[in-house]
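Peer 1: how would this look folded up:
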Amino acid sequence: MQTEIIIAGFGGQGVMFIGQVLAYAAMDKGKQVTWMPSYGPEMRGGTANCIVVIADEEIGSPLVENPPASIVMNLPSLDKYEPLIKPGGVLIVNASMVDRAAQRDDITTILIPANDIAEEIGDKRLANMVATGALLGCLDIMTVKDLEAALEAHMPGRHKHLLPKNFEALRKGTEFAKQAIKK
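Peer 2: Take a look at the predicted model:
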């Protein structure tokens, strides 16, 4: 099995962190992983995306043309990556930053107000973990527990105090996606 995921947004939205956490969680479970970041001209405010490939066997290339899954954190990313999702794939859209619905009906689209949920938790920077939780609610690649373990194992010591809120954000995102799929 191989799963490719594109994560995209503005710099400063935690796009690279999502990719790193997914990659660490997969590595910790013994999977083969590639993580390929791409930055725009500015670190904060410029475009940012990364590609994560998770597989049971050796990965031939870290490049992806038509991924089965994507998280988009803003409108320019939705415009760019929605057409590329493989039919039958999953698209997680940060509805807090996007003012239109997805236009495809051959993929599962979850419009999650990630920024709003993050603010309810108490920290707007958690929008990335809310969106990641939504992805986990739609794909059978890893569990929330797998990501929690990766966060605990790989988060720098100075940020360990943020773990409980990150865990809450992951769970709320997963719950939102599972409820959206049932409708």
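Peer 1: Residues in contact with the longest helix anywhere in the chain: which ones?
Peer 2: Criterion DSSP state H: the longest helix present in the chain is helix 163-182. For helix 163-182, contacts defined as CB atoms under 8 Å, 6 or more residues apart in numbering pick out 92, 108, 110-112, 114, 117-118, 121-123, 126-127, 129-138, 144, 147-148, 151-152, 155. (C-beta placed from N, C-alpha, C; glycine too.)
Peer 1: Buried residues in that helix, which are they?
Peer 2: Using 16 or more other CB atoms under 10 Å as the test for burial, helix 163-182 gives 165-174, 176-177, 180.
Peer 1: what about dumping the CA coordinates of it to PDB?
Peer 2: Extracted in PDB, the C-alpha atoms of helix 163-182 (Å, rounded to 0.1, in the frame of the first residue of the first chain):
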ATOM      1  CA  LEU A 163       0.900  18.500  23.600                       C
ATOM      2  CA  PRO A 164      -2.500  18.400  25.300                       C
ATOM      3  CA  LYS A 165      -4.000  21.100  23.100                       C
ATOM      4  CA  ASN A 166      -2.400  19.500  20.000                       C
ATOM      5  CA  PHE A 167      -4.000  16.200  21.000                       C
ATOM      6  CA  GLU A 168      -7.400  17.900  21.500                       C
ATOM      7  CA  ALA A 169      -7.100  19.500  18.000                       C
ATOM      8  CA  LEU A 170      -6.400  16.200  16.400                       C
ATOM      9  CA  ARG A 171      -9.400  14.600  18.100                       C
ATOM     10  CA  LYS A 172     -11.800  17.400  17.200                       C
ATOM     11  CA  GLY A 173     -10.700  17.400  13.600                       C
ATOM     12  CA  THR A 174     -11.200  13.600  13.400                       C
ATOM     13  CA  GLU A 175     -14.700  13.900  15.000                       C
ATOM     14  CA  PHE A 176     -15.700  16.600  12.600                       C
ATOM     15  CA  ALA A 177     -14.600  14.600   9.500                       C
ATOM     16  CA  LYS A 178     -16.400  11.400  10.700                       C
ATOM     17  CA  GLN A 179     -19.600  13.400  11.300                       C
ATOM     18  CA  ALA A 180     -19.300  15.100   7.900                       C
ATOM     19  CA  ILE A 181     -18.900  11.700   6.200                       C
ATOM     20  CA  LYS A 182     -22.000  10.300   7.800                       C
END
